[in-house]
Every structure is written in C-alpha cells, then in structure tokens.
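# Just need the structure, nothing else, for what follows:
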Amino acid sequence: MTDPLLTSLLAAVEAAPADVPLRLHVAELLLARDRAAEALQHTTTALANAPGDPAALALLQRVTRALSDPPNPPTNPLPTVHPPTQPFPVRALPEPTENDPASFDWGQAEEQVKDFAPAPAFVEEAGDPVVAEAERPAVRLADVGGMEQVKERLELSFLGPMRNPEMAKAFGKSASGGLLLYGPPGCGKTFLARAVAGELGASFTEIGIADVLDMWVGASERNLKAVFDDARRRAPHVLFFDEVDALGQKRSHLTHSSSLRNTVNTLLAEMSGDNDGVYVLGATNHPWDIDSALRRPGRFDRMVLVLPPDEGARAAILRRHLEKRPVEGIDLGKLVKATEHFSGADLAHLVETAAERALADSMRSGQVRPLTMKDLQAALKEVQPSTGPWFATARNVALFANHDGSYDDLAAYLKKNRRL
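Numbering: from 1, shown residues only. Now for the predicted structure:
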C-alpha cells in the first residue's frame with residue numbers, strides 16, 4: 001500500500017536534493033518501515049552534502065546495524081530431523097586424479113585472477129590531488145588605484161624584506177612568514193595579492209576552499225600538502241589562500257569535526273616547513289575566526305587592513321568601468337564624493353545598474369543613448385554600500401577584543417568614521 005506522507009516527502013527531497021535535514025527525516029521514516037536499503041542511500045547522500053554531520057553519522061550507524069542484523073527467526077521452525085538409528089555404510093573415497101576437481105589448486109587460481117577481478121560497484125576511492133594551475137600576473141602595485149597607505153604598508157612589512165633579504169637580515173628583519181590581508185568583502189584583496197606576485201616577479205596560485213576540502217577521510221590533508229609541495233617546486237612562488245578562515249578556523253570551534261581539525265593542523269605544519277622562496281598570502285573577511293596558532297611568527301605574522309577604496313581609488317575604479325561604455329556629461333568628482341564607503345564590487349554594480357537603464361531606453365528607441373549622470377544618480381538610490389554590516393561586526397572586535405593591538409588600524413579608522 002502507498003504511504004501518502006512518505007510519498008510527499010520523497011517528492012520534496014527530489015525537489016530539494018541538498019536539504020540535509022529533510023533527507024535525514026526521510027531516511028528515518030524508511031528505516032522505521034523496514035526499508036533500510038533505501039534509508040542507507042539517503043543517509044550517504046546527506047553525508048556527501050554535509051561531511052561529518054553528527055546526525056547523519058548516528059543514523060548511518062543505525063542503518064548499517066539494521067542491514068547487518070539477521071532476520072527474525074520464522075514463527076514455524078522446520079521440524080527437527082533425528083539421525084537414523086542405523087548408520088549409513090561408509091565407503092572409501094577413490095584417490096583424486098589430475099583432472100579431478102578435488103585436486104584443483106584454488107589458492108593458485110586466486111593469485112592468477114586477483115589482478116583482473118573488478119572491484120565491487122559500491123567501492124569508491126579518493127582520487128589523486130589536483131592542484132590549481134599557476135599563473136604569472138602582469139599587474140603591479142602601480143596598477144592599483146589609490147590605497148597609498150596599504151601600498152606603503154605592503155612595501156615596508158613584506159615586499160621590501162623580500163626584495164632585499166641580505167639587508168633585512170642585517171637589521172634582524174625576517175623575510176619568511178606570511179601576510180594576511182583582511183577587510184570588508186569586495187575591496188580588492190585578491191587583486192592586491194596578484195599585484196604582490198607581480199612586484200616579486202613570482203608565479204601565483206590562488207587556492208580556495210573547494211581546492212582543499214574533500215569528503216574522504218585524510219584527502220583534505222593530502223590536498224593541502226600537495227598545494228605546498230607544488231609551490232615549493234615553482235619557487236619563487238606566491239601561494240594565495242582566499243577566505244583562509246574557512247581552512248584555518250579556530251580548533252576550539254571544531255570539537256565535532258575531527259577532519260577539519262586535522263586540516264587546520266596540516267596547514268600549521270606546512271606553513272612551518274621549509275618554504276624558502278614560497279610567499280604565503282591569505283585573505284579573509286573574518287580574521288577573528290582564524291586559529292590563533294596561524295598568527296604566530298613564521299605563519300601569518302603580518303596583517304594588513306584593506307579598507308574600502310579611497311577617493312583616488314574610487315575615481316580609478318569608476319573610470320575603468322565607464323571607459324568602454326558610451327557616456328555623456330559624467331561628473332566623476334561628484335560621483336566619487338557620493339560613493340564614500342562603497343567597495344570596489346559596489347562601484348562595479350553601481351555602473352552596471354546605471355548602464356541597464358541607458359540600455360533599456362536605447363532598446364525602446366532603437367538608438368544608442370549614452371549613459372549620463374542622471375542614470376548614475378538614479379542607480380545610487382538603488383545601490384547602497386555593502387560594507388556596513390562588516391563594520392558593525394568589526395567595531396565590536398576593535399573595541400572589546402583588541403588586547404594585543406592587532407586591530408589598531410581598524411580602531412583608528414572606525415574612530416575617524418563614527419557614522420559607520
């Protein structure tokens with residue numbers, strides 16, 4: 001008989017295959033209805049979407065136990081068969097001949113065919129690590145509009161010692177270690193990392209969370225080691241970890257995920273290894289979520305705040321996004337003043353929104369109408385700076401968690417811009 005509730009839930013799972021709680025609920029119902037094989041399929045799919053999920057792991061144990069338990073004994077067992085009172089006559093077996101099955105060497109046969117036997121269909125293994133392709137950026141810090149304070153900080157704390165290792169050594173300044181770029185999203189941290197690689201004349205690899213994390217036990221650690229091994233072979237090389245807080249989370253927050261703890265431990269070990277000629281950069285929007293061990297000397301021991309673009313940077317960004325579009329009567333200075341606290345991504349979105357208005361008018365009239373200041377002013381009513389929520393969180397950190405002075409730059413900026 002059909003089960004209306006289960007049928008509806010199965011249809012909901014098919015419509016939302018990534019909904020882990022819903023899929024686990026369906027698996028629970030299937031297990032309760034003695035459909036353990038189907039429950040196993042849904043449980044393993046949930047684990048693929050949420051590796052290490054405690055509820056999914058607990059359900060997997062129950063399903064596996066249900067599949068391995070022997071079936072209930074029949075209510076009407078077969079009658080007991082008693083041995084005959086008279087024993088059967090015993091005859092001597094003939095000696096096995098060469099072609100007799102009894103003389104076949106099964107062990108030798110297994111050795112001969114074991115290399116050709118296909119693996120069971122349900123057996124899967126993690127593949128070999130695949131490292132993201134390296135590139136050689138052509139951009140330099142001169143290509144970064146504005147941000148003079150950030151450039152100066154990069155030059156003094158990172159680039160200068162890297163270019164002049166002997167001079168840095170004479171002053172006791174280490175050229176090793178890593179650099180952490182932090183700040184609101186969309187403010188050009190990745191572009192700055194490429195410019196640093198361009199200044200050093202080094203190759204560059206960008207590593208995201210998808211390049212490291214893997215569902216198989218031990219595979220994430222192996223992927224991370226492969227990333228560093230590849231960077232060492234390419235030295236001089238800039239290894240850039242985007243959203244490094246996802247890979248280097250505080251281990252105190254990972255009590256229920258041993259695999260992620262092991263990944264953090266591997267990152268710590270690799271950054272402390274022999275990385276001569278490998279310059280490790282990281283970018284994050286949440287430096288306060290990074291494990292404190294990653295901030296120790298020899299790792300991400302230098303930190304640079306990347307703020308929303310200043311007036312010079314905003315002018316350069318707006319000019320770049322407007323230069324290939326038909327424009328007329330744009331007051332760039334006025335536009336720069338109106339976009340304070342906008343990130344680079346916000347500025348790109350602003351120009352895109354204004355261009356859509358001009359394009360719509362052009363399509364209605366059949367003639368190209370240039371993008372005007374009126375379009376940009378209308379877009380300013382729709383597009384607001386996205387940096388506000390980040391500064392709201394950062395203010396609490398700067399006020400109450402700046403015990404070692406790591407966020408002095410952030411505190412000074414917030415003090416100067418109290419309206420944020």
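# Spatially central residue in the protein, please.
Ile209 (2.0 Å; C-alpha atoms, centre = their mean).
# List the residues that contact it.
Taking C-beta atoms under 8 Å, 6 or more residues apart in numbering as the criterion, Ile209 is in contact with 243, 246-247. To be clear about C-beta, it is placed using only N, CA and C from the backbone, and glycine gets the same treatment.
# if we go to 6 Å?
Ala246 (C-beta atoms under 6 Å, 6 or more residues apart in numbering).
# cool, and Lys151?
Leu141.
# do you know how far the residue nearest to the centre of the chain is from Gly178?
18 Å (C-beta to C-beta, to the nearest Å).
# again, but for Asp346
As judged by C-beta to C-beta, Asp346 and Gly178 stand 29 Å apart.
# so where is the stretch 101-250 of the chain shaky, pLDDT-wise?
101-128, 173-177 (pLDDT under 70).
# same thing but at 90, please
Regions of the stretch 101-250 of the chain meeting the criterion pLDDT under 90 cover residues 101-134, 141-178, 200-201, 209-210, 213-219, 235-236, 246-250.
# Strands of this structure, residue ranges please.
Counting by DSSP state E, the chain has strands at residues 178-182, 203-207, 237-242, 278-284, 302-305, 327-328, 371-372.
# do you know which of these lies nearest Tyr413?
Tyr413 lies closest, by C-beta to C-beta, to one member of these: strand 302-305, at 7.3 Å.
# So what's the gap between that closest one and the chain middle?
Between the centre of strand 302-305 and the centre of its chain there are 21 Å (C-alpha atoms, centre = their mean, to the nearest Å).
# swap in stretch 332-345?
That offset, for stretch 332-345, works out to 31 Å (C-alpha atoms, centre = their mean).
# Give me the buried positions along that stretch.
335-336, 339, 341-345 (16 or more other C-beta atoms under 10 Å).
# same thing with stretch 45-60?
45-47, 50-51, 53, 56, 59-60.
# re the thing from before, quick one: the residue nearest to the centre of the chain and Arg234, what's the gap?
In this view, Ile209 and Arg234 are 22 Å apart by C-beta to C-beta.
# for Leu371, same thing?
Using C-beta to C-beta, Leu371 is found at 43 Å from Arg234.
# ok, those two, which is more surrounded?
More crowded of Leu371 and Arg234, by other C-beta atoms under 10 Å: Leu371, with 24 against 18.
# related to what we said a few turns ago, report the two of the buried residues of stretch 45-60 separated the most.
Pro51 and Leu59 (14.4 Å).
# Outline the domain layout of this protein.
4-66, 141-305, 311-382 (automatic domain parsing).
# hey, which of these is tucked in deepest?
When the domains of the chain are scored by mean count of other C-beta atoms under 10 Å, the highest mean neighbour count falls to domain 141-305 (a mean of 19).
# Could you work out the end-to-end span of that domain for me?
The first residue of domain 141-305 is 16 Å away from its last residue (C-alpha to C-alpha, to the nearest Å).
# Check stretch 132-147 too.
By C-alpha to C-alpha, one end of stretch 132-147 lies 29 Å from the other end.
# How about residues contacting it?
Contact partners of stretch 132-147, identified using C-beta under 6 Å, 6+ apart, comprise 151, 194-195, 197-199, 203-205, 211, 234, 309-310, 312-313, 316.
# Out of the residues you listed, which sit inside helices?
Among those, the residues falling in helices (DSSP state H) are 151, 194-195, 197-199, 312-313, 316.
# okay if I get those as JSON lines plus distance to Arg65?
Compiled in JSON lines, the ones in helices among the contacts of stretch 132-147 are given as follows (distance: C-beta to C-beta, whole Å):
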{"residue": "Lys151", "distance to Arg65": "61"}
{"residue": "Arg194", "distance to Arg65": "52"}
{"residue": "Ala195", "distance to Arg65": "57"}
{"residue": "Ala197", "distance to Arg65": "53"}
{"residue": "Gly198", "distance to Arg65": "58"}
{"residue": "Glu199", "distance to Arg65": "59"}
{"residue": "Gly312", "distance to Arg65": "66"}
{"residue": "Ala313", "distance to Arg65": "61"}
{"residue": "Ala316", "distance to Arg65": "64"}
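# Show me the two of the residues you listed that sit farthest apart.
Largest separation among those by C-beta to C-beta: Ala197 and Gly312, giving 22.9 Å.
# give me the low-pLDDT residue ranges for the stretch 251-400 of the chain?
251-262, 272-278, 295-299, 301-302, 324.
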